[in-house]
Structure formats: C-alpha cells, structure tokens
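>>> next input, structure requested:
(chains A and B)
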Amino acid sequence: MSDKFMSTAEAVDKFIHDGDQIALGGFTINRNPMSLAREIVRQHKKDLYLVVHSHGQALELLIGAGCVKRLELAYGGVARFAPTGQRFKKAFLEKSIEVEDYTNYQMTLRFMAGAMGLPFIATTSGLQTDVVKVSGFSPATRKQEGVPDEKLTVIKNPIDPESGDVVILPPLNPDVTLLHAQYAGDEGTIRMEGLSFADIEQAKAAKHVLVSCEHVVPEEMLRREPDRNCLPPFLVDAIIPTPYGAHPTGCYMFYDYDPTHLNLFKQMARDDAMFQQYLDEWVMPLATQEEYLDKVGASSLVRIKANPFIGYAPGMDRS
Amino acid sequence: MDQKYTANEIMALCAGRLVQDGDILFAGTGLSMLAATVAKQIHAPRSTVFFETGGIDPALDELPLGVADSRVMVGTSVNSGLADALSLLGHPKLKTIAFLGAAQVDCYGNLNSTMLGTYDKPLQRFPGSGGACDAASLGYGYVIFMKHEVRRFVEKLDYFTTPGWLTGGDSRVKAGFKRGGPIAVVTNLGILKFDDTSKKMYLAEYYKFTTPEKIAEATGFELDISRARPTMEPTEQELSILRTKVDPQRLILGPAA
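Alright, predicted model coming up:
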C-alpha cells in the first residue's frame, strides 16, 4: 500500500494552505469532491483562490462558509436545483469575493496549457465579448502572485494574419486540485468512470493532487485494463478512501445525486442564518465521512444507489 | 384562453422544428434538452445530441436535470470530457446547432448570461457563460430560448457574454469568426429570426394566444413585425411524444395546461 493513502483531515491539513489556488473537479451536480470540501470548511481554511469551469455544490459550500477570497469561473450553479448558485450570487452581489468570468472551453484550455507547460494557449472563442474585454479583478489584484497580469489578450493570428484575431489565454497551475474518483489502485493509479469533465487536465496542471475515491482495489485489477485508467500514481499526492465522497452530488455507477439533500441545501442556502444552521448541522460536528453518512441515513443512501447496469438510480423521485 | 398546451410545450416543439435530420445538437439544460430530444424522436432521427460535459449521443432513457447528470453518460458512443466536446463543436465537418438560454438578448442575438450592472456595481448575478460563448463562437449556429419581456429584449446588454451577429451586417465574419451566428429566438410568445442582410431580429411567427402588436410591446427595442405569420399549431403526435416520451414526469415542462 502506497504511503499516499491518508485520512481526509490529514490530506487537507498537509496540502491546503490559506490563500492557495484550488481547482475543483467534477461538474455542477456530479463527482464534486464534497468530503474534501467539508473538511476544508471544518479546518477553517481561508482566502482560497478557486479556479473552476462549471461548478455547483462544492463551490456553494466553500463560498458560503467564507473560505473563498477570489474566484475564476465559467458557471456557478447547481443545475435545476439552483440555476444560479445562491451563496455564489450573494457573495458576488455583496462583493465579498472577487470574481472573474471565463467560458468552459477557456478554463479547460487554461488547465491544458498549464499541464503542458505552455506560456499561453489560443482560441477564437469569446472574440468581441465582455468575457474577453472586461476584467473582474482590480489592478491591485492583478499584481498579486498567481493572478495573471492580463485577463485575456486579443492579437492578430500570428500564423495567418489574414484570418483575423485570436484570444490569448493565460495558463493555470493551481496549488492543489481536488478530485473524487470511483477507483484508486493500492499503488495510486486512478480510474474515473463516465465523463471525466476537465478533471484530468486539472490534475495534470496542479502542483498537488488530492483524490478521494469510492473504492481502493488491488493495483493489478486496474492494470489489467489500463486503457480505462486516468492518472498514474506519480501525479497523485494523496488518496483518501471515501465511500459516497461526492454526496450530495452524483458518482456515475455508484450513486445518483441526492434530490432530497440538494433541495434541503437550496432551502437553507437562502439566507445567512439558515446557511449557518446548515453548516452547524451538516458540516462542523461531523468530523468523519462515517458520521456524515450516519446522518444522511441508510434509507437515503439506498434511494440514490445506482443500478450498476445503468449507472444512475432509475425511476428515482427527482422533483 | 382555450389553449391545449403550455408555453413551455410549444417552445420546445418550435425549437425542435428548427432542427434538420443529421444535425449535431449541442444541448444545455432545461428546455433545450427537450427541444433536442423531441426533434430526434419526431423528424430528425439521425441527429445526434451531445453535451458540453463530453457525453456524445447518449441513450437518454430518463431526462437529465443537468449536463453533468449521470443520465448523459449512459449508452453514449463516447464518454469524454470538456476539452473533447468543446473542440468538436468547432469541427468544420459537423453542422453543430446549439440551444442557448440567456437573461438578456439584443436585436442582433448577442446574449448576456452573466450579470446586470457591472463588477463594481453588480445588480444581479446569473450563472455565467458555461459553454454558451464557446458554442456561439465555434458552432455552426444556435437557437436562443427566452422569456419574452421588455427587460430581457434590450437595446444594450449589461454584460456581453455570447457573440451573436455582433453589430449586424458582416461584422461577425470581420471580427474573426469563421461561421456561426444565431438562427432564431424562441420565446413564450413567438419566434424571431434575423434578416439575411442586416442581421437584425424580426418577428417571424406568433403563437395563437398572442398578437404581433403584443410581442412588439414586450420587446425593448424596435421590432419589425411586418413579416409575422401565425405558428403552425402543435400536432397531437408532437404533443403526445413530448408529454409521454420526452418528459413524462414534467420535470422541465412544468405544470400541464
């Protein structure tokens, strides 16, 4: 067994520092690294600089708990449960976090550029728009470490000047990327099933990668079908065995998103006092994932259990 | 009103009718998912639905509630990720049609899905672009879904998220976009299209429960209604497929008429 295996509390304590730039894996209601996010809240990490594409539940929790200072994103919402994330919206309107907007492709390309060690990467997506023209960060923020000097820059295509302009994107190399995966081998190979979103690019771009996982399996099992694997052990710094680590978001082949909990969160994220109550009830006192799952309750976990031939919970009440 | 269908139902069906067989459909959440799947079930069986998250041509036995719903990962031809899906959007060989919603639209089909006000003085916040700006920048074309209100059909966007026909005429191509642009706006009152030359929005169709004049009143810029004609009524078959096969739980359609 590799020495990368550790508890959630150890991993967060060791690798996440106040002010770090953090990339979140998953997408809106799927495979969010929720157990890691809850531990970040419990350890009162602050001034985090989140860099995400389309994010929902983990983003909501971290912003709501006051862990976030700065955010670059393409989309902040929890699918139909909160088309615009409520804690994100409130923090934006109150200006308690600094926000800068990108697109999903731009953010993905920026992670890719970071992973490849490129000084920049180019696209035509966003030409003429305020996404390219308007900076959300102040000039003072621009001068800070880890913040690109320019948001996006438009130049004439240097290869074919006749073909028009291109948008130059700054690379991203987050301090830490947080992921939730289905499987880890006992030497640290990672396998994700279903859509990988931008998790692989985010992992390859990061200085450190923390992965919570549903199952730890013998390494030989994963190496029998290496085509299905996503990350080699040397890219992964910490592996945290965490069944239901993405709850209340879904994890393909293991469990669906939990509509009851997401609706409860939606109710409680409406105002500050109720959100504090949510944290006091669902995050702060539950030091381990076991305690959290006890509170969620067996009947809820059974309700969202994925049919292993279909990958989600067919016929589940999603209203 | 002796209406036998809801605004959501006719919007999904009208948007679906804009799809041609063989189109590659880039669907987002909500009504756009209904439009894409209803088109595939009715008249465009060889169209392919794909999602920005990377799910390509899923089985869609149940309606996904978001583009990252595990339901978009089942029975696909390929499960990939954002980089793959968003680069496919711009593939020159493919006729990719996106369905996009927004908070504001201007007369050239440029969209705001980011905020009202400014970063310094924000008044309202929406989720942000997601893949909308990418779809509009790189794809073959896109269809817009909007609630028809003066505050949404505006002279000037508060924040310009998604590039449409820019300032009209040939401004889009001049700016460096190889192709693309909005095809139509489907609202709860009617369907708007864009003039071939000026690229300015005009009223093309109105539903039977409204009038061109009422639609012009609900539009915050001057709207040409001279070319408007009534929308073809939804057929029993269209309504039945939408209600019984596409969204039987009415998760997105909402309450019945």
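>>> B:Cys14 contacts B:Ile191, correct?
Yes - between B:Cys14 and B:Ile191 there is a contact under Cβ atoms under 8 Å: 5.7 Å. For glycine as for every other residue, the C-beta is placed from the backbone atoms N, C-alpha and C.
>>> joint contacts of those two?
B:205, B:231 (Cβ atoms under 8 Å, 6 or more residues apart in numbering or on different chains).
>>> near chain B, which residues of the stretch 201-319 of chain A are found?
When proximity is defined as Cβ under 8 Å from any Cβ of the partner chain, the stretch 201-319 of chain A approaches chain B at A:201, A:250, A:252-253, A:256-257, A:306, A:310-312, A:314-315, A:318-319.
>>> include distance to A:Ile29, pLDDT and neighbour count when you put those residues into CSV, please.
What follows is those, written out as CSV (distance: Cβ to Cβ, whole Å; pLDDT from 0 to 100; neighbours: other Cβ atoms under 10 Å in any protein chain shown):
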residue, distance to A:Ile29, pLDDT, neighbour count
A:Glu201, 20, 98, 27
A:Gly250, 6, 98, 30
A:Tyr252, 12, 98, 25
A:Met253, 16, 98, 20
A:Asp256, 9, 98, 27
A:Tyr257, 5, 98, 31
A:Ala306, 14, 98, 19
A:Ile310, 17, 95, 17
A:Gly311, 14, 97, 21
A:Tyr312, 11, 98, 28
A:Pro314, 17, 96, 14
A:Gly315, 18, 93, 9
A:Arg318, 11, 90, 21
A:Ser319, 15, 83, 7
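>>> average pLDDT for stretch B:178-194?
For stretch B:178-194, mean pLDDT rounds to 97.
>>> and residue 38, what element?
You didn't pick a chain, so chain A it is. Assessed by DSSP states H and E, A:Arg38 sits inside helix A:34-42.
>>> wait, I meant chain B there
Counting by DSSP H and E, B:Val38 is found in helix B:31-42.
>>> A:Phe92: what's it in contact with?
A:99, B:115, B:122, B:125.
>>> and the residue of chain A positioned farthest from its centre, how far is that from chain B?
Relative to the C-alpha centroid of chain A, counting by Cα atoms, centre = their mean, A:Glu162 is the outermost residue, at 39.3 Å. Distance of A:Glu162 to chain B, given as Cβ to the nearest Cβ, to the nearest Å: 11 Å.
>>> surely that residue is in a strand?
No - counting by DSSP: H, G, I helix; E, B strand; the rest coil, A:Glu162 is not part of a strand but helix.
>>> pLDDT at it, what is it?
87.
>>> hmm, back to that, in helices, which of the contacts of A:Phe92 fall?
Judged by DSSP state H, these include no members of helices.
>>> quick check: of those, which lies closest to A:Lys90?
For these, the minimum distance to A:Lys90 (Cβ to Cβ) is 8.6 Å, reached by B:Arg125.
>>> which stretches in chain B count as strands?
Taking DSSP state E, the strands of chain B run over residues B:24-26, B:48-50, B:55-56, B:78-79, B:96-101, B:104-105, B:111-112, B:115-117, B:122-125, B:141-146, B:182-187, B:190-194, B:201-206, B:229-230.
>>> could you pull up the residues touching the residue nearest to B:Leu123 when sequence neighbours are not counted?
Take B:Leu123 and drop its neighbours on the chain: the residue closest to it by Cβ to Cβ, 6 or more residues apart in numbering or on different chains is B:Gly117, 3.5 Å away. B:Gly117 makes contact with B:123-124, B:158 under the criterion Cβ under 8 Å, 6+ apart.
>>> which of the residues you listed has the most neighbours?
Highest neighbour count within those, by other Cβ atoms under 10 Å in any protein chain shown: B:Asp158, with 18 neighbours.
>>> excluding sequence neighbours, find me the nearest residue to that one.
For B:Asp158, ignoring the flanking residues on the chain, the nearest one in space by Cβ to Cβ, 6+ apart is B:Leu116 at 4.7 Å.
>>> narrow the residues of the stretch 201-319 of chain A next to chain B to those in strands?
Per DSSP E, the subset of these in strands is empty.
>>> could I get those as JSON lines with distance to B:Trp165?
Below are these laid out as JSON lines (distance: Cβ to Cβ, whole Å):
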{"residue": "A:Glu201", "distance to B:Trp165": "32"}
{"residue": "A:Gly250", "distance to B:Trp165": "38"}
{"residue": "A:Tyr252", "distance to B:Trp165": "39"}
{"residue": "A:Met253", "distance to B:Trp165": "43"}
{"residue": "A:Asp256", "distance to B:Trp165": "41"}
{"residue": "A:Tyr257", "distance to B:Trp165": "38"}
{"residue": "A:Ala306", "distance to B:Trp165": "44"}
{"residue": "A:Ile310", "distance to B:Trp165": "43"}
{"residue": "A:Gly311", "distance to B:Trp165": "41"}
{"residue": "A:Tyr312", "distance to B:Trp165": "40"}
{"residue": "A:Pro314", "distance to B:Trp165": "43"}
{"residue": "A:Gly315", "distance to B:Trp165": "44"}
{"residue": "A:Arg318", "distance to B:Trp165": "38"}
{"residue": "A:Ser319", "distance to B:Trp165": "39"}
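>>> for the stretch 101-250 of chain B, which residues are neighbours of chain A?
B:114-115, B:119, B:122-134, B:137-138, B:159-163, B:166, B:174-178, B:249.
>>> what about the residues of the stretch 201-319 of chain A next to chain B, which are in helices?
Per DSSP H, the subset of these in helices is A:Glu201.
>>> show me the contacts for B:Ile97.
Shown in contact with B:Ile97 (Cβ under 8 Å, 6+ apart): B:18-19, B:23-26, B:139-143, B:183.
>>> what do you get if the cut-off is 7 Å, keeping everything else the same?
For B:Ile97, the contact set (Cβ atoms under 7 Å, 6 or more residues apart in numbering or on different chains) comprises B:19, B:23, B:25-26, B:139-143.
>>> what bits of the chain have low per-residue confidence?
All of this refers to chain A. Within chain A, no stretch has pLDDT under 70.
>>> to clarify, I was referring to chain B.
For chain B (pLDDT under 70), the answer is B:1-3.
>>> show me where the stretch 151-300 of chain A has its helices.
A:199-205, A:219-223, A:259-268, A:272-282, A:289-296, A:298-304 (DSSP state H, counting those that start in this stretch).
>>> got the contact list for the last one?
Outside of helix A:298-304, the residues within contact range by Cβ under 7 Å, 6+ apart are A:244, A:255-256, A:258, A:260, A:293, A:313, A:316.
>>> report the buried residues of the helix of greatest length in chain A.
Counting by DSSP H, the longest helix found in chain A is helix A:104-116. Residues A:104-115 are the ones in helix A:104-116 that count as buried (16 or more other Cβ atoms under 10 Å in any protein chain shown).
>>> ok, and of the residues you listed, which contact chain B?
A:104-105, A:108, A:112 (Cβ under 7 Å from any Cβ of the partner chain).
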